[in-house]
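Participant: Any chance you could fold what I've pasted below:
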Amino acid sequence: MIRSACGVLAAAAVAGFGLAPAVASAATTGQPALAYSSTIPSSGDPDTTVTFTVTVGALTLTAPTAVDLGGGAPGTIISGALGNVSVADDRALLSATWTATASASDWTTGASTPDETIPVADVGYNPGTVSTTGTITATGTPITLSATPVPVVTGTAGVGDDTATWDPTLAVHVPASAVGGVYTGTLTEDVS
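Facilitator: Next up is the predicted model:
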């Protein structure tokens, strides 16, 4: 009996019946297989976005608050330097332009009667040499002063911040009829 049972088992094994499904069933009920990806993960080095702000300022002009040109007789020219006039363009523009202007009142003495007045049109303004810093082209133009602002220095092709400085000469053509005295007037300079 034992011999015929062994023979049946051997025959079943050879024929592929009985034992093969049991082995296959045992293989499928074990630990699950691990899955692997062929995609390589990033190195983990982070990128950092960095920001900062370039600040901007204003367009300004500075000039002396008072100046004495000296003296001269009627019929002569009294001239002298005004002192440094400076434009600072701190607007940090890609393409900057500006215009500096000058105007003035009449110059008077005493009671400001016509005989005690030197008209503004008798005074010239010459910016002379204009020095600059940064990127700007500055051009000066001599003028005869008037009550209306007239361009004296223009700035063109500016990039970023820049400055322009000049020391203008004022020339007063004193009328032959002028009376003696200290004459006072107001010179106004502006930039825009």
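Participant: Pick out the residue closest to the middle of the chain.
Facilitator: What sits nearest the mean C-alpha location of the chain, by CA atoms, centre = their mean, is A92, with 0.9 Å.
Participant: for G181, what are its contacts?
Facilitator: Counting by CB atoms under 8 Å, 6 or more residues apart in numbering, G181 touches 109-110, 116. C-beta coordinates here come from the backbone N, C-alpha and C atoms, glycine included.
Participant: returning to that earlier point: please verify my assumption that the residue nearest to the centre of the chain contacts T135.
Facilitator: No - under the criterion of CB atoms under 8 Å, A92 makes no contact with T135, lying 11.4 Å away.
Participant: and for these two, which residues touch both?
Facilitator: When contacts are counted by CB under 8 Å, 6+ apart, A92 and T135 have G160 as shared neighbours.
Participant: hmm, back to that, list buried residues within the contacts of G181.
Facilitator: Neighbour-count burial (16 or more other CB atoms under 10 Å) applied to the contacts of G181 gives 109, 116.
Participant: and of the contacts of G181, the nearest to V159?
Facilitator: Relative to V159, the closest of the contacts of G181 is T109; by CB to CB it sits at 47.3 Å.
Participant: In this structure the closest one contacts D115, no?
Facilitator: No - T109 is not in contact with D115 according to CB under 8 Å; the separation is 9.6 Å.
Participant: pLDDT on stretch 153-160, on average?
Facilitator: Per-residue pLDDT over stretch 153-160 has a mean of 98.
Participant: ok, residues contacting it?
Facilitator: If you take CB under 8 Å, 6+ apart as the criterion, stretch 153-160 is touched by 87, 89, 92-100, 127, 130, 134-141, 162, 164, 166.
Participant: for the longest strand along the chain, which positions count as buried?
Facilitator: Identified as the longest strand of the chain according to DSSP state E is strand 85-104. Across strand 85-104, burial judged by 16+ other CB under 10 Å covers 85-90, 93, 96, 98, 100-104.
Participant: Quick check: the gap between G44 and V50.
Facilitator: Relative to V50, G44 is positioned 20 Å away (CB to CB, to the nearest Å).
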